[in-house]
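[1] structure for the following, please:
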Amino acid sequence: RTRGAYDVTGGYAEVLVPLISDVFLIQDLSFEFAYRLDDYSTAGKVDASKFGVNWTLNDQFRFRAVLADSVRAPDISDLFAGQAQTYVSIDDPCNGLGTANEGDMDPIVVANCYSIPSVAATTAAGSYNPDTGEIEDGFVYFQPDFQTISGFVGGNPNLSEETAETTTFGVVWTPPYIEGLAISVDYYDIQIDDVISSVDRTQLINECFETPGLTDFQCDAHTRFPSGKIQYWYSFGINQSLLSSEGIDIAATYRIDDLWLLPGSLNMNMLWTHRIKHEYLTTVDSDPFDSVGEVGYNDDKVKLTLVWESDNWLWSIDNTWYSKAQDDAAYPRDDYMYQAVDSILYVDTQVRFMPTDSWQFYIGVDNVFNQDPPYCPNCKNEPSPGSHYTGSQYRPWSSRFFYGGIKWSFGKDGRSEERRVGKECRSRWS
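    Just a heads-up that it's a prediction; the model follows:
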């Protein structure tokens, strides 16, 4: 059990200034500014600011740009979350020392491994193979060695705030000859310093051993048995050096009020995000690692929502599509079994009936086609040990879910009561 608390006092101001209107090529031009100052009992005083310009060319085109400096102080979980043990294994860079594979290893890694007395001793004496009952040459891991490795994750009370510089610019197109249509394209570039995040366990130990003399602070993130084999790894939140993210968002909305033979109207909303770059640098001396193409950072994600409305009825269909990806972007798609991940589409739907302003009845199905996640046991991005799939953004196994509910609003203050029931259909409907 852990305890933690902090208090914060803050204030902000926003200003919107009209500059020019109704002149050649400028229907409207305005400038916006915002500033916020907060004083945290943990992180101290932090501030953020935003500068923006909106230029309406005519009834069709509007251009916008924003430059912002923002800040995020560590929250209760970042600072005070208790240590939790996890039984996810880790690869030891010293595995293979003293064998024929040593010649393929990085010379710096080899030198660092031999500098650890317990590792050097086992390399000289050989490693016990439980399958054959014999001693094999070198420092070698076998299945029981991996099974005895575990790790700890949790908060870090020594965290400081992270700061970001964000640049966005884009255009909004609303063609007058297609009523109800609006399309926007926005480019974003985000640079975050002192990122509050836990470092991947594999990255921690690899960067440790790639540093001459084992002088990197990340070398404190693991301990070893007397045999030299890894016993524990640690991955707590730290202020990493830099996160750089870059991409393009394309959004479109379209409303059709005349559906010919069908009553009602149809609203369509689409958001397509294309990632260009998503780089982490653990320290200023680290090589940047671009995660684009890895699960969780798929190159493309598209969300399309269709909503039909007629009198007291509403029917929505929500579609979410992830492009193909891979479990670990550091390796080729065919490097190991289950590394390559196909694209996937999730469909959710709901029907809602509203006979009065106070009553609503609804039924729905999440994951209509019962899409299972990409099978990938013991993979880098496995959400939790034993889940046997990669990528926490994918839904769990047999996750199709049927539900229904009633919502009753009462009183002038709009208070409401809601009752919802649901059933996961795993055997009959899977």
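[2] quick one: distance of stretch 142-153 to the chain centre.
    26 Å (Cα atoms, centre = their mean, to the nearest Å).
[3] contacts made by it with the rest, please.
    83-90, 127-131, 198, 201, 225, 229-236 (Cβ atoms under 8 Å, 6 or more residues apart in numbering). All C-beta atoms are positioned from the backbone trio N, CA, C, and that covers glycine.
[4] how about stretch 104-121: buried residues?
    Of all the residues in stretch 104-121, those buried under the rule 16 or more other Cβ atoms under 10 Å are M105, V109, V110, N112, C113, Y114, I116, V119, A120.
[5] oh, I was asking about stretch 165-180
    T166, T168, F169, G170, V172, T174.
[6] among those residues, which lie within strands?
    Among these, the ones falling in strands (DSSP state E) are T166, T168, F169, G170, V172.
[7] same list (the residues you listed) but as TSV, adding pLDDT and distance to N367.
    Shown next, in TSV, are those (pLDDT from 0 to 100; distance: Cβ to Cβ, whole Å):
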residue	pLDDT	distance to N367
T166	96	34
T168	97	33
F169	96	37
G170	97	33
V172	97	33
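[8] and which of those is nearest to D216?
    T166 (30.0 Å; Cβ to Cβ).
[9] quick one: residues contacting the closest one.
    T166 is in contact with V66, L67, A68, D69, S70, Y188, D189, I190, Q191, counting by Cβ under 8 Å, 6+ apart.
[10] now do the SS call for the third one.
    Pointing back at A68 there. strand (DSSP: H, G, I helix; E, B strand; the rest coil).
[11] and it, how far is that from E279?
    20 Å (Cβ to Cβ, to the nearest Å).
[12] ok, now the fourth one?
    D69 sits 20 Å away from E279, going by Cβ to Cβ.
[13] still on that earlier bit, are any of the contacts of stretch 142-153 buried, and if so which?
    Looks like the contacts of stretch 142-153 have 88-90, 127-128, 198, 201, 229-230, 232-236 buried, using 16+ other Cβ under 10 Å.
[14] on that earlier part again, which among the contacts of T166 end up buried?
    Looks like the contacts of T166 have V66, A68, S70, Y188, I190 buried, using 16+ other Cβ under 10 Å.
[15] out of those, who's nearest A5?
    For the buried ones among the contacts of T166, the nearest to A5 is S70 (24.1 Å; Cβ to Cβ).
[16] contact partners for the closest one?
    So S70 contacts A48, K50, T163, A164, T166 (Cβ under 8 Å, 6+ apart).
[17] how about A124?
    G98.
[18] doesn't it lie inside a helix?
    Yes: secondary structure of A124 (three-state DSSP): part of a helix.
[19] let me know the pLDDT of it.
    For A124, the model assigns a pLDDT of 95.
[20] how about the one 3 residues further on?
    Looking at S127, its pLDDT reads 95.
[21] what about it, distance to E102?
    13 Å.
[22] which neighbours do these two share?
    G138.
[23] next, the residue most central in space within the chain: secondary structure please.
    In the chain, the centroid-proximal residue (Cα atoms, centre = their mean) is G296; its distance is 5.4 Å. Under three-state DSSP, G296 falls in the coil class.
[24] what sits against it?
    By Cβ under 8 Å, 6+ apart, the neighbours of G296 are N381, G391, S392, Q393.
[25] what's the PyMOL line that selects buried ones from the residues you listed?
    To isolate the buried ones among the contacts of G296 in PyMOL, judged by 16+ other Cβ under 10 Å, type:
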select buried, resi 381+391+393
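[26] now the contacts of G296 as JSON lines including pLDDT and secondary structure?
    Formatted as JSON lines, these follow (pLDDT from 0 to 100; DSSP: H, G, I helix; E, B strand; the rest coil):
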{"residue": "N381", "pLDDT": "82", "secondary structure": "coil"}
{"residue": "G391", "pLDDT": "85", "secondary structure": "coil"}
{"residue": "S392", "pLDDT": "87", "secondary structure": "coil"}
{"residue": "Q393", "pLDDT": "89", "secondary structure": "coil"}
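[27] and the contacts of G296, which two are furthest apart?
    The two members of these with the most space between them (Cβ to Cβ) are N381 and Q393, at 9.5 Å.
[28] give me the common contacts of the two.
    Common neighbours of N381 and Q393 (Cβ under 8 Å, 6+ apart) are V295, G296.
[29] so where's the chain uncertain?
    Within the chain, the ranges that satisfy pLDDT under 70 run 1-2, 283-285, 385, 411-430.
[30] show me the contacts for the residue lying farthest from the centre of it.
    Within the chain, the residue lying farthest from the chain centre (Cα atoms, centre = their mean) is E134, at 45.2 Å. Shown in contact with E134 (Cβ under 8 Å, 6+ apart): Y128.
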